[in-house]
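Predicted model and sequence follow; I will ask about them next.
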Amino acid sequence: MLVIEPDRKTAVFIHHMLTQAGYVVQVVPTGKEGLIAAWSDPPDIIVTELDLPDIDYIDLIQKFKNDQRTSRTTLIGFTHLSAPEATVAGIDAGLDHIIIKQTDAVEVLISYLTEGQRADAMERSAAATPHLAQVIAFLGAKGGVGTSSICINIAHLISQAVGPGKTVVLDLVLPIGSLCEITGMVGPPDVVDLTELEPSQLTHEYLRENLLTPQGWDTKFIPGASSPDQAERLNADRLAPLLQSLRSTYEYIIVDLGRNLSPLARLVMSVAENLVLVLMPDEECVNNAHAIADYLDNHGIQTDRLQYISNRPLPSEGFTQRTLADRMEVEMLAAVPNIGTQFTLINSLHAPLQLRFPDERANLILKDAASRLLQ
């Protein structure tokens, strides 16, 4: 492994921790020395700070990716830069992953390498491996398709399947969050409050003890912004550290993005194992879905992680499921039928569909979708 780290104390610490974990590590202080070392003796993994004294990190990444000696090398950003613009730009340029430097950053790095089966130098038992949660993000093809209802109900079913205390739902719908209306619970703490904390305050203990647990919903919950004015206070630079802390504390992070395709949303999508796009079975949603897929592809987000859920919030005709699948050229993760006023009723009761209507066909379909997302 090659580590590019300009800060001497940090370099010594990283070298010590990774060596103890079983890796053969070479550390260099500059980007140019990193290029020389990597091209002289190509490593399996390159871990680099993005804020380097001698070369722009985008140029460095592109040099690694464009040279046949390092084009296939796993490339990880390990950095104090947490602004969404910087992290998204790094992913767009070719980084496989970005880890923000905070208290448990080296553990997160080792966990990422191990869970990706990149740690060839040693074998680690599951009990000894630091955990890194699976991220599932929900997007809407247009307004009014029921993205938030689908998201929170699937999160509830995932939590029931995996057990209590392992799942958290994050509302990143902007400029006003949408899940408080469904769950019946508001902050504090909400996402704005959490991004105002120092990363060192986002400990496992704090996140387990202080996040909300809405009554009837088997999941922890982080509400979104309560108003556009509050949304403006959201500290974008702290979203990556928050997400990283959540991933090392819980096992499943479910994120409601609504129609949000901002750098904040792309930061989430860059680490998500599954991107679930909710659409109605109509012409507008099909066109929007293709446009969103193209947009994500153009921003370096792998579209093979896209899954599609067809939802009929209105009793409209629309496409048949076969026609929709043909138009989308993919198999639907789920096709949720119209259930009349019942979704409106359960939303007003702040209760999961599964709790109020356990035998409803839509609930059984969502349960199957939750199971497939866990596979």
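Sure, I can see it.

CA atoms of the helix or strand where Phe13 lies as CSV?
Assigned by DSSP states H and E, Phe13 falls within helix 8-20. Taking only C-alpha atoms (Å, rounded to 0.1, in the frame of the first residue of the first chain), the coordinates of helix 8-20 have been written out as CSV:
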residue,chain,number,x,y,z
ARG,A,8,4.5,13.9,9.5
LYS,A,9,2.6,13.0,12.7
THR,A,10,-0.4,11.8,10.8
ALA,A,11,1.9,9.8,8.4
VAL,A,12,3.6,8.1,11.4
PHE,A,13,0.2,7.2,13.0
ILE,A,14,-1.3,5.8,9.7
HIS,A,15,1.9,3.8,9.0
HIS,A,16,1.7,2.3,12.5
MET,A,17,-2.0,1.4,12.4
LEU,A,18,-1.9,-0.1,8.9
THR,A,19,1.3,-2.0,9.6
GLN,A,20,-0.4,-3.4,12.8
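
what packs against whatever helix or strand comes next after it?
Downstream of helix 8-20, the next assigned helix or strand under DSSP H and E is strand 26-28. Contacts defined by 3 or more C-beta pairs under 8 Å, 6 or more residues apart in numbering; DSSP states H and E place strand 26-28 against strand 2-4, helix 8-20, helix 31-40. Every residue, glycine included, has its C-beta placed from N, CA and C.

Out of those, the one nearest Asp56 is which?
Among these, helix 31-40 comes nearest to Asp56, with 8.4 Å by C-beta to C-beta.

picking that back up, between the helices and strands packed on strand 26-28, which gets nearest to Leu95?
It's strand 2-4; of the helices and strands packed on strand 26-28, that one is closest to Leu95 (C-beta to C-beta) at 12.6 Å.

So which elements touch the closest one?
Against strand 2-4 (3+ C-beta pairs under 8 Å, 6+ apart) you get helix 8-20, strand 26-28, helix 31-40, strand 45-48.

most packed of those?
strand 45-48 (a mean of 25; mean count of other C-beta atoms under 10 Å).

returning to what we had before: redo the helices and strands packed on strand 2-4 as TSV? Include distance to Ser310 and mean pLDDT.
Formatted as TSV, those follow (distance: least, C-beta to C-beta, whole Å; pLDDT from 0 to 100):
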stretch	distance to Ser310	mean pLDDT
helix 8-20	46	90
strand 26-28	51	94
helix 31-40	46	93
strand 45-48	40	94
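
Make TSV from the ones you listed and add distance to Asp326 to it.
Output for the helices and strands packed on strand 2-4, formatted as TSV (distance: least, C-beta to C-beta, whole Å):
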stretch	distance to Asp326
helix 8-20	50
strand 26-28	53
helix 31-40	47
strand 45-48	42
